[in-house]
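[1] got a sequence here, can you model it:
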Amino acid sequence: MGYDAVVIGGGHNGLVAACSLALRGLRVAVFEQGRYIGGMASSPELWPGFRVPVGAYVLSLFKKSVGEELGVLGRLKLIPKDPGMTVLLGGGRVLSTWSNVDKTVGEIRRFSELDARAYIEWSRMWSAVTEVLDVAYTSPPVDMWELLDTAGRLLKLARLRYGAFLEDLTWIPLAPASRLLDEFFESDEVKALLVEDAVVGELLAPSSPGSALTLAHHYMGDITGVRGQWAYVAGGIGRLSEVLAERCRELGVEVHLGSRVEEIVVRDGVARGVRVNGRVYEARFILSSLDARVTLLELLPEDAVDKRLRRRLKSLKSPGASSKAILAVRELPRPRGGYAGYADRIYRSSTLTIPDVEYVERAYRDAITRGYSVEPWISINTQSYLDPSVAPEGWHLISLFVQYTSYDSPRGWGEEPRGELLENIYNVLDMYFEDIRGRVEKILLLTPKDYEEMFRAPGGHIFHLNMTPDRLWINRPLPELSKYRTPVKNLYLCGSSTHPGGGVTGLPGYLAARTLLEDIGLVKRRRLDPISILVERLKKKLRIP
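    Below you'll find the predicted structure:
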């Protein structure tokens with residue numbers, strides 16, 4: 001017996017899509033090539049008793065309304081990180097961001113009174129900008145003509161007393177993050193605290209055009225109820241995917257692990273099923289959460305995609321820039337010198353080895369010329385400090401997110417370059433911690449090449465495609481594919497290479513499933529006008545009549 005829908009890939013987007021369809025009564029199956037669920041949002045037990053975050057490690061961007069609709073949010077325990085971020089500056093100094101803006105302002109005042117006041121304006125600006133982006137991210141992408149047709153109302157609103165912040169939208173999406181930070185702040189310390197969100201996951205420098213938009217992406221989350229706050233998921237980020245899978249099974253979805261889809265079966269221009277381990281499973285609809293290039297270039301017969309689209313897909317290059325090292329230790333390494341007084345906040349938050357913005361620029365230049373940074377910047381996350389369940393008793397798990405490590409490294413990612421990368425990571429950590437090498441008893445190192453092989457992600461990019469202005473909204477992955485439909489009838493895309501992109505949001509899966517349900521008449525097609533939604537939101541927020 002066939003299925004109403006088959007979902008390719010058991011990452012969080014594929015599971016969201018499957019759950020959304022099953023809620024409407026469709027018979028759904030999910031085929032995941034790995035032996036554990038969740039893809040890049042998983043925490044497999046690679047070592048006995050350890051929940052290892054192979055990809056994502058913190059949660060914020062997963063849409064709260066989606067979690068509530070699917071019935072999964074109440075099954076997760078979230079542990080907010082507060083402080084959310086701590087940067088290790090020179091001379092034993094640290095600076096942190098807190099959920100309470102006033103507390104952050106007080107910290108910044110130690111470095112600059114002017115920047116303390118500027119941070120209040122910075123927070124207000126992002127409050128307005130994220131309202132705009134939230135509407136854009138949670139709605140199917142509109143094309144340029146639709147946008148121009150309704151933009152007049154937004155321009156009219158911009159004349160009101162909050163208009164200055166909206167006018168920032170004319171340049172922020174294309175600007176370098178360094179320009180944005182320089183416009184607001186004078187101290188190197190505050191810029192160092194805020195710059196990481198502008199370059200995380202991307203082969204971009206703070207001075208690269210478009211990096212300011214990457215920064216904006218990380219202020220949008222609402223999963224904890226506090227805009228922009230990040231949290232650990234108790235039991236590891238993989239609990240989100242596991243809970244989604246549990247909900248799917250309750251709704252009758254079949255979830256098959258260790259099941260690699262080899263081909264999408266097409267007959268008469270219509271997707272009819274998938275071939276898995278040599279067996280064909282028939283289905284009326286196919287949704288792929290794999291990268292669009294893998295889906296259309298590798299899983300479909302060559303004649304199913306015309307030559308022009310094949311060429312355009314092949315032109316999409318997205319070399320990964322990030323690696324991860326996960327360390328298992330019995331005792332947390334002691335911070336050096338003056339940093340020792342901040343040990344609690346160092347292990348409670350995401351801690352960055354970014355003494356100044358120029359440090360990040362140098363790391364980027366190294367990656368362009370050498371393939372990896374001699375002195376990488378590292379985000380240190382120790383979930384076991386707040387959540388002992390992710391490691392056996394008496395152990396800790398330290399997740400190190402490392403940049404820059406280019407997929408296109410001239411020497412590749414064989415044993416010798418991997419050893420050099422690990423040595424560079426230890427050299428940086430040695431500046432801030434005592435004897436970290438001697439404490440490590442287990443280690444997992446994942447480079448962009450590993451991510452490519454593990455998750456069928458061309459270039460090993462953690463977001464599938466770059467999150468740069470030329471690859472967002474109507475251009476993600478290409479204008480003709482941006483509405484989740486493909487040239488093959490009944491084949492949809494639902495992964496991170498579609499709008500609104502990467503990160504653990506669930507929105508590509510949710511919006512793709514919604515599109516399918518509208519196409520078959522199970523839900524009413526929405527007559528969305530994102531600009532009108534935005535205008536009403538801002539009027540309410542700003543108490544404008």
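
[2] what residues sit buried inside stretch 313-329?
    Applying a neighbour-count criterion of 16 or more other Cβ atoms under 10 Å, the buried positions in stretch 313-329 are 313, 316, 318-329. Yep, even glycine has a C-beta here, placed from its N, CA and C like the rest.

[3] from the residues you listed, which is closest to Gly49?
    Minimum distance to Gly49 across those is 9.6 Å, recorded for Ala328 (Cβ to Cβ).

[4] so the closest one bridges to which residues?
    Using DSSP bridges, the bridge partners assigned to Ala328 are Leu397, Lys442.

[5] can you tell me the element Ile286 falls in?
    With elements taken from DSSP states H and E, the one containing Ile286 is strand 279-288.

[6] who does that strand touch, helix- and strand-wise?
    Strand 279-288 makes packing contacts with strand 3-8, helix 12-23, strand 28-31, strand 261-267, strand 270-276, strand 491-493, helix 507-519 when contacts are defined by 3 or more Cβ pairs under 8 Å, 6 or more residues apart in numbering; DSSP states H and E.

[7] only alpha carbons, please: show the fourth one as CSV.
    Going back to what we said before, that points to strand 261-267. Presented in CSV, the C-alpha positions along strand 261-267 are these (Å, rounded to 0.1, in the frame of the first residue of the first chain):
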residue,chain,number,x,y,z
VAL,A,261,16.7,7.3,-0.5
GLU,A,262,18.6,6.5,-3.7
GLU,A,263,16.1,7.8,-6.3
ILE,A,264,12.9,9.8,-6.6
VAL,A,265,10.7,7.7,-9.0
VAL,A,266,9.2,9.9,-11.8
ARG,A,267,6.6,8.7,-14.3
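
[8] would you mind getting the angle between that strand and strand 3-8?
    Following axes from the mean of the first three to the mean of the last three Cα atoms, to 10 degrees, one obtains 140 degrees for the angle between strand 261-267 and strand 3-8.

[9] show residues contacting strand 261-267.
    By Cβ atoms under 8 Å, 6 or more residues apart in numbering, the surrounding residues in contact with strand 261-267 are 8, 31, 33, 271-278, 280, 282, 286, 288, 295, 299-301, 304, 488, 491.

[10] list the buried ones in that strand?
    Burial within strand 261-267, assessed by neighbour count using 16+ other Cβ under 10 Å, is assigned to Val261, Ile264, Val265, Val266.

[11] run the chain-centre distance for that strand.
    With Cα atoms, centre = their mean, to the nearest Å as the basis, strand 261-267 stands 29 Å off its chain's centre.

[12] go on, the last one?
    Helix 507-519 has its C-alpha centroid displaced from the chain centroid by 19 Å (Cα atoms, centre = their mean).

[13] avg pLDDT for that helix?
    Helix 507-519 shows an average pLDDT of 97 in the prediction.

[14] list just the nearest of the buried residues of strand 261-267 to Phe401.
    Checking the buried residues of strand 261-267 against Phe401 with Cβ to Cβ, the nearest one is Val261 at 29.4 Å.

[15] in the sheet, who's paired with the closest one?
    With DSSP bridges as the criterion, Val261 is bridged to Val276.

[16] same check, this time on Val6
    The partner list for Val6 in beta bridges (DSSP bridges) reads Ala29, Ile286.

[17] what's near enough to touch it?
    Taking Cβ under 8 Å, 6+ apart as the definition of contact, the neighbours of Val6 are Val28, Ala29, Val30, Phe31, Gly273, Val274, Tyr281, Ala283, Phe285, Ile286, Leu287.

[18] before we move on, what about Val16?
    Applying Cβ under 8 Å, 6+ apart, one finds that Val16 lies in contact with Val66, Leu70, Leu244, Gly506, Gly509, Tyr510, Ala513.

[19] run the last query once more with 7 Å
    Contacts here follow Cβ atoms under 7 Å, 6 or more residues apart in numbering; on that basis Val16 touches Val66, Leu70, Leu244, Gly506, Gly509, Tyr510.

[20] try Leu46
    Leu46 makes contact with Val52, Leu444, according to Cβ under 7 Å, 6+ apart.

[21] helix, strand, or coil at Tyr404?
    Each residue gets one of three states, and Tyr404 gets strand by DSSP: H, G, I helix; E, B strand; the rest coil.

[22] my read: it touches Gly371, true?
    No - distance between Tyr404 and Gly371: 8.9 Å, which falls outside the contact criterion (Cβ atoms under 7 Å).

[23] out of the two, which sits in the busier spot?
    Between Tyr404 and Gly371, counted using other Cβ atoms under 10 Å, the more crowded position is Tyr404 (27 against 20).

[24] which residue sits closest to that one, ignoring its sequence neighbours?
    Across the structure, with Cβ to Cβ, 6 or more residues apart in numbering as the measure, the residue nearest Tyr404 apart from its sequence neighbours is Ala367 (3.4 Å).

[25] now do the contacts for that neighbour.
    Leu203, Ser373, Tyr404, Thr405, Ser406.

[26] quick check: pLDDT value at Val135.
    At Val135, the predicted lDDT confidence score is 75.

[27] give me the neighbour count for it.
    If you count neighbours by other Cβ under 10 Å, Val135 ends up with 20.

[28] ok, it to Lys64 distance?
    Val135 sits 15 Å away from Lys64, going by Cβ to Cβ, to the nearest Å.

[29] got the buried residues for stretch 32-46?
    Those buried within stretch 32-46 under the rule 16+ other Cβ under 10 Å are Glu32, Gln33, Gly34, Tyr36, Ile37, Gly38, Gly39, Met40, Ala41, Ser42, Ser43, Pro44.

[30] what's near enough to touch the fourth one?
    In this structure, Tyr36 makes contact with Ser42, Pro44, Leu257, judged by Cβ under 7 Å, 6+ apart.

[31] related to what we said a few turns ago, did I read that right, the residue nearest to Tyr404 in a helix?
    Yes - applying three-state DSSP, one finds Ala367 inside a helix.

[32] returning to that earlier point: widest-spaced pair of the contacts of Ala367?
    Using Cβ to Cβ, the contacts of Ala367 reach their maximum pairwise distance at Leu203 and Ser373, which is 11.1 Å.

[33] out of the buried residues of stretch 313-329, which is nearest to Phe184?
    Distances from Phe184 to the buried residues of stretch 313-329, taken as Cβ to Cβ, are shortest for Ala321 (25.5 Å).

[34] which intervals of the stretch 401-545 of the chain have sub-threshold pLDDT?
    Counting by pLDDT under 70, the stretch 401-545 of the chain contains low-confidence ranges at 527-545.

[35] quick one: the helices in it?
    Remark: helices assigned in the stretch 401-545 of the chain by DSSP state H, counting those that start in this stretch are 415-430, 436-439, 448-455, 507-519, 530-542.
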